[in-house]
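Participant: Sharing a sequence plus its predicted fold:
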Amino acid sequence: MPLTVDIVGPDGVRWSGQATFVTAPTVEGSIGLYPAHEPIMSVLKAGDVTVDPVDGERAIVPITGGFLSFDDDRITVIADSQDRPDA
């Protein structure tokens, strides 16, 4: 069963769809999420959220921070902003 991923920020949805793997930069280090991962909520720091979609090419979404929620194979990223100041 694939992951359902929604990455949203102040200007709307940045990426939404089905994925096999997602990485995100948390304040405690990088996290990688596959289907069936235990539920988690994390504070994000500046960096890239990387999504390996079921179909298509890898998506890289830069963020300045925010929150990540994972439960029941659903990942929601609420980003403070999608553009890093150093990008």
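Facilitator: Structure's in. What do you need?
Participant: can you give me the helices in this structure?
Facilitator: Shown for the chain, no helices are assigned by DSSP state H.
Participant: residues contacting the spatially closest residue to Pro2 that is not a sequence neighbour?
Facilitator: Nearest non-adjacent residue to Pro2, counting by Cβ to Cβ, 6 or more residues apart in numbering: Gln18, 4.2 Å away. (Glycine included, C-beta is placed from N, CA and C.) With contact taken as Cβ atoms under 8 Å, 6 or more residues apart in numbering, Gln18 is in contact with 2-5, 53-55.
Participant: wait, which of these is closest to Leu33?
Facilitator: Nearest to Leu33 among the contacts of Gln18: Leu3, at 6.9 Å, using Cβ to Cβ.
Participant: is it true that the closest one touches Ile75?
Facilitator: Yes. Between Leu3 and Ile75 there is a contact under Cβ atoms under 8 Å: 5.7 Å.
Participant: joint contacts of the two?
Facilitator: The overlap between the contact sets of Leu3 and Ile75 (Cβ under 8 Å, 6+ apart) consists of 19, 22, 33.
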